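1. starting from these lines, generate the structure:
(2 chains)
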Amino acid sequence: MKEAVITVKNLVKKFGSFVANDNLTFEVYKGEIFGFLGANGAGKTTAIRILSGLLKPTSGEVTVAGFDASHRPEMIKKHIGYMCQRFSLYEDLTVKENIMLYGGIYGLDTVTIRQKTNDLLERLRFSGYADRVIAGLPLGLRQKLAFAVAVIHEPEIVFLDEPTGGVDPVTRRQFWEMIYETAARGITVFVTTHYMDEAEYCDRVSVMSEGRIVALDTPENLKKQYNAESIEEVFIRIARPEKAMID
Amino acid sequence: MKRFLGFVKKEFLHIFRDYRTLIILFGIPAAQILIFGFVVSTDIKDAGLAILDLSKDETTRKISGKIYSSGFFRNTGTLNGYNDIGQVFRQGRTKAVLIFESGFGDKLIKEGRATVSIVADGSEPNVATLVSNYASAIISDFNREMNLSLLSSSPVVQPEVRMYFNPSLKSHFMFVPGVITLIMILICALMTSVTITREKEFGTMEVLLVSPLRPIQIILGKVTPYFLLSFINIITILVLSWLVFGLPVKGSLVLLLLETMLYIMMSLTLGILISTVSKTMQQAIFISAIGLLLPTILLSGFIFPIENMPKIYDYVSSIMPPRYFIVIIKNIMIKGTGFQFVWKETLVIALMTILFTVISVKKFSLRLQQ
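-> Residues are numbered from 1 along each chain as shown, chains lettered A, B, ... in the order given. The predicted structure follows:
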């Protein structure tokens, strides 16, 4: 029996008369890589914000890491990690200072932070960069570091909002290796992406369109179901068939 | 608390790592005080004055001597006729011309009155007024001396003017409090609004909001370093104006510092408010610099007295926080008054602080909802 870390039942989010999330129901299991696709404006960002405790749902039940999103968003925040495409590290701080900062924000004690910092620098082969400011580092390194920092407190779930935007294919590949390692450690990865080849790496993929989830299954099943060769084809067929906006 | 301290430490790192921030924080205030204090002086010193003496007698020489030895004027020439007046003004060094009518000394003795005209260069109205006032004062002084020596039989009413709180009418007394008021609101509002919008622009704000830090901790964490540094700043300014201009704090220093803290807090909340309405750092800079600088200089009573403004500007000025702080700081620093004379202004600033905070919190949560 799979253990659900995110449970969403009949989630509705309205902004005035605009319905951003229309009756979403899905579960995300522990340790899986869950791809969250959808064209721009399909309601992905709103859903992520609700799941990460930033927004309250208008109605419906949302449980993340065992905590209710309507009533205990501050508990959710302690048990998740978050990384977005728009860059999340401080450019004028050094690699070490960034790690220490986020470790501190997530409430780790000094000894643990120091130990984690060393582990992390070792694992990413970053030791030479420890005292360099972020501004001078290549984008690929930064993204990897940002991801490592997002899971520094061993959260139950990490949300990655278009983590690989603007990164070269080689680094993307390495980035996905990090995602696999993380998932193997039992951390659930909830990822949105615009790259359809990345969607193929996910355990399960959901596709949103106009506020609704229109498809949710493993990449293989989806391809079978839509008789498509790739997830990209599936996506084009189901998400906004007339005006697909993929970049 | 530990999360919060880590966050504050990071904010200090931002400040100390960016020399531009440091310059804005510490260099500009000190420079402003010195510039305003020395350059923007309304005192007359060595103003150019030429004399057209159509009489050339002992009395006119005495008066001329008295004027040139006063320290306020220096001799920029002796004219030979009325035609020269336009000429010397056009040359620019001369600010005023003194004209003794012909037979000045004789008339004074025989008729009891003689005329000396002061012609000032009206293209600079402020200087002209000051120069003619100073010259008149010296001449009246001469009158008084002469009356005494002649033991004039006619009784004369002699007003004796004394400037309370600032006997020598030093303009630093006006500028230092003004500059403190201006600088503090500018720097605090600018720094806070920029540092918060920077997080928004770089996308780090999103990460912070998703973190266990509460919004209030984020805001306080951003503001605390600036509060401490501004406080150090104000002490530097006070010491500087005391050392350089000899400006004392006549009232209670503790009260002054407490009032300043309140004012800094108000400015910081104003900065937060600005950050909630601006999307980019440019916008924040624009709103804080342009939106605060000119109104503060023009409408706060810093340079131009509010009493002389048309009513409508008076109303506009009454929503400007610096207006109230200038009153407070002048009262405490120069008049040496206590809290009972500034509590109204203090209350206004306190209310503004609360108002800005409430609006910011509202706007902030509203933004999160979108």
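2. can we go C-alpha only for contacts and neighbour counts from here?
-> Will do.
3. can you pull up the residues of chain A that come close to chain B?
-> Selection of chain A residues close to chain B by Cα under 8 Å from any Cα of the partner chain yields A:15, A:52-55, A:74-75, A:77-78, A:81-84, A:86-90, A:92-93, A:101, A:104-107.
4. now do the helices in chain A.
-> For chain A, the helices defined by DSSP state H occupy A:44-51, A:73-78, A:95-105, A:110-123, A:139-150, A:169-184, A:196-199, A:219-225, A:231-238.
5. okay, those, which one's buried deepest?
-> Burial of the helices of chain A is given as mean neighbour count (mean count of other Cα atoms under 10 Å in any protein chain shown); helix A:95-105 ranks first at a mean of 24.
6. neighbouring contacts of that helix?
-> Contact with helix A:95-105 is made by A:89-90, A:109-110, A:113-114, A:117, A:129-134, A:149-150, A:152-153, B:2-4, B:6-7, B:10, B:211-213, as judged by Cα atoms under 8 Å, 6 or more residues apart in numbering or on different chains.
7. how about 7 Å then?
-> A:89-90, A:113, A:117, A:129-134, A:149, A:152-153, B:3, B:6-7, B:10, B:213 (Cα atoms under 7 Å, 6 or more residues apart in numbering or on different chains).
8. now swap in stretch A:53-73 and tell me
-> Applying Cα under 7 Å, 6+ apart, the contact partners of stretch A:53-73 are A:5-14, A:49-51, A:74-77, A:79, A:156, B:210, B:369.
9. next one: stretch B:68-79
-> Against stretch B:68-79 from outside (Cα under 7 Å, 6+ apart): B:44, B:45, B:46, B:47, B:48, B:49, B:50, B:51, B:52, B:67, B:94.
10. one more pass at 10 Å, please.
-> With contact meaning Cα atoms under 10 Å, 6 or more residues apart in numbering or on different chains, stretch B:68-79 is reached by B:43-54, B:63-67, B:84-85, B:87-88, B:93-99, B:131, B:134-135, B:138.
11. helix or strand with the lowest mean pLDDT in the chain?
-> With no chain named, the answer covers chain A. Ranked by mean pLDDT, DSSP states H and E, the helix or strand of chain A with the weakest confidence is helix A:231-238, at a mean of 83.
12. ah, I was thinking of chain B
-> Ranked by mean pLDDT, DSSP H and E, the weakest helix or strand in chain B is helix B:28-38, scoring a mean of 81.
13. show me which residues of the stretch 151-300 of chain B are close to chain A?
-> Residues of the stretch 151-300 of chain B lying near chain A by Cα under 10 Å from any Cα of the partner chain: B:199-214.
14. what separates residue B:360 from chain A, distance-wise?
-> Using Cα to the nearest Cα, to the nearest Å, residue B:360 is found at 18 Å from chain A.
15. does that residue really touch residue B:275, like I thought?
-> Yes - judged on Cα atoms under 10 Å, residue B:360 makes contact with residue B:275 at a distance of 8.7 Å.
16. find residues that contact each of those two.
-> residue B:269.
17. more neighbours: the two, which one.
-> residue B:275 (30 against 21; other Cα atoms under 10 Å in any protein chain shown).
18. surely the more buried one is in a strand?
-> No - secondary structure of residue B:275 (DSSP: H, G, I helix; E, B strand; the rest coil): helix, not part of a strand.
19. list the buried residues in the one helix or strand residue B:65 maps to.
-> Here residue B:65 sits within helix B:58-68, counting by DSSP states H and E. Applying a neighbour-count criterion of 16 or more other Cα atoms under 10 Å in any protein chain shown, one finds B:60, B:63, B:64, B:66, B:67, B:68 buried in helix B:58-68.
20. same thing with stretch B:191-203?
-> Result for stretch B:191-203 [16+ other Cα under 10 Å]: buried residues B:191-203.
21. pLDDT wise, what is the closest residue to residue A:150 other than its chain neighbours at?
-> Distance criterion Cα to Cα, 6 or more residues apart in numbering or on different chains; nearest residue to residue A:150, sequence neighbours excluded, is residue A:81 at 4.9 Å. Here the pLDDT value assigned to residue A:81 is 93.
22. and residue A:81, bridged to which residues?
-> Judged by DSSP bridges, the bridge partners of residue A:81 are residue A:158.
23. which ones are touching it?
-> For residue A:81, the contacting residues are A:52, A:106, A:147-160, A:187, A:189, B:207, B:210-212, by Cα under 10 Å, 6+ apart.
24. now these: which count as buried?
-> Applying 16+ other Cα under 10 Å to these flags A:52, A:106, A:147-160, A:187, A:189, B:207, B:210-212 as buried.
25. so what's residue 179 closest to, chain neighbours aside?
-> Using chain A here. Distance criterion Cα to Cα, 6+ apart; nearest residue to residue A:179, sequence neighbours excluded, is residue A:189 at 7.3 Å.
26. nope, chain B
-> What sits nearest to residue B:179 in space, not counting adjacent residues and going by Cα to Cα, 6+ apart, is residue B:33, at 6.4 Å.
27. check contacts around the one you found.
-> B:39, B:172, B:175-180, B:183, B:237-238, B:240-241, B:244-245.
28. PyMOL command to pick out the buried ones of these?
-> Applying 16+ other Cα under 10 Å to those, the buried members can be selected in PyMOL as follows:
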select buried, chain B and resi 172+175+176+177+178+179+180+183+237+238+240+241+245
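29. tell me the pLDDT of residue B:10.
-> Residue B:10 carries a pLDDT value of 90.
30. ugh, typo on my part, it should be residue A:244
-> Taking residue A:244 on its own, its pLDDT is 44.
31. same deal with residue B:149?
-> Note for residue B:149: predicted pLDDT of 67.
32. ok, back up a step: among the buried residues of stretch B:191-203, which ones are in helices?
-> Here DSSP H is the test, and those give B:191, B:192, B:193, B:194, B:195, B:196, B:197, B:198, B:199, B:200, B:201, B:202 as lying in helices.
33. how near is the closest residue to the second one other than its chain neighbours to chain A?
-> If I follow you right, that is residue B:192. Leaving aside its sequence neighbours, residue B:192 sits nearest to residue B:271 (Cα to Cα, 6+ apart; 5.1 Å). Using Cα to the nearest Cα, residue B:271 is found at 21 Å from chain A.
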